[in-house]
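A.B. asks: For reference, the sequence and a predicted model appear below.
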Amino acid sequence: MIIGGLAGSVLGEPRTTLDIDMLLFTKPDNLPEFLARAKRFGFKFENSLALKNAKEKLCFQMEYGTVTVDCLLAETLFESEALFRKIQIKIGKFKIYFPSPEDFILMKLLVGREKDILDVKNVILRHKNDLDVPYMKDWAEKLQKLAKDIPLSHRLAELLK
């Protein structure tokens with residue numbers, strides 16, 4: 001599932017981004033096969049480093065031409081819920097998965113950088129009449145335990161005003 005700035009451009013307002021962020025839903029045992037397939041499709045990376053970073057940091061990088069692809073491994077119940085709620089958008093001949101606007105908002109609030117908050121504002125403006133606010137509030141409370149230093153519920157409430 002595509003997350004990050006590219007997802008923000010699709011779900012909210014287009015903006016420049018220098019990479020592609022992907023949330024991967026694969027078991028650690030299946031990662032070598034995923035990497036082998038990625039190489040066959042032309043992605044470049046050092047296999048041993050990707051496996052090491054995936055194991056230790058739950059993320060690794062690949063390159064496709066001049067584009068960096070940041071791969072994050074999904075591991076939480078929230079991420080599983082986001083996969084279940086994903087939306088599919090056809091771009092050219094490809095079907096690409098993105099998080100729902102609600103899940104994207106929550107993901108960006110967890111990171112909380114200035115550009116993430118701007119992405120959140122744009123998605124809220126674009127989808128304001130269709131957002132499942134109770135869903136977001138419920139998950140914001142649950143995720144608050146993971147985001148110890150981020151006032152997630154408060155930040156969400158302020159942005160929804």
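C.D. replies: Done, it's in. Predicted model, so just to flag it, every value in this text is computed and none were measured.
A.B. asks: if I look at Leu73, how far off is Gln61?
C.D. replies: Distance of Leu73 to Gln61, computed by Cβ to Cβ, to the nearest Å: 13 Å. (C-beta placed from N, C-alpha, C; glycine too.)
A.B. asks: more neighbours, the two?
C.D. replies: Leu73 (20 against 15; other Cβ atoms under 10 Å).
A.B. asks: The more buried one reaches Ala54, doesn't it?
C.D. replies: Yes. Contact criterion Cβ atoms under 8 Å: Leu73 and Ala54 qualify, at 5.9 Å.
A.B. asks: Need the overlap of contacts for those two.
C.D. replies: Shared contacts of Leu73 and Ala54, defined by Cβ atoms under 8 Å, 6 or more residues apart in numbering, comprise Pro28, Leu31.
A.B. asks: all strands for the chain, in order.
C.D. replies: 2-3, 19-24, 59-64, 67-73, 87-91, 94-98 (DSSP state E).
A.B. asks: Those into a markdown table, with extra columns for distance to Asp116?
C.D. replies: A markdown table is the format used below for the strands of the chain (distance: least, Cβ to Cβ, whole Å):
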| stretch | distance to Asp116 |
| --- | --- |
| strand 2-3 | 11 |
| strand 19-24 | 11 |
| strand 59-64 | 17 |
| strand 67-73 | 14 |
| strand 87-91 | 19 |
| strand 94-98 | 16 |
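A.B. asks: Export those as CSV, with columns for distance to Ala140 and mean pLDDT.
C.D. replies: What follows is the strands of the chain, written out as CSV (distance: least, Cβ to Cβ, whole Å; pLDDT from 0 to 100):
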stretch, distance to Ala140, mean pLDDT
strand 2-3, 17, 96
strand 19-24, 19, 96
strand 59-64, 23, 97
strand 67-73, 20, 96
strand 87-91, 20, 93
strand 94-98, 20, 95
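A.B. asks: wait, which of the ones you listed is closest to Ile117?
C.D. replies: With Cβ to Cβ, the closest approach to Ile117 among those belongs to strand 2-3: 15.6 Å.
A.B. asks: Any buried residues in the longest helix along the chain, and which?
C.D. replies: In the chain, taking DSSP state H as the definition, the longest helix is helix 114-127. Buried positions in helix 114-127, judged by neighbour count with 16 or more other Cβ atoms under 10 Å: Asp116, Ile117, Asp119, Val120, Asn122, Val123, Ile124, His127.
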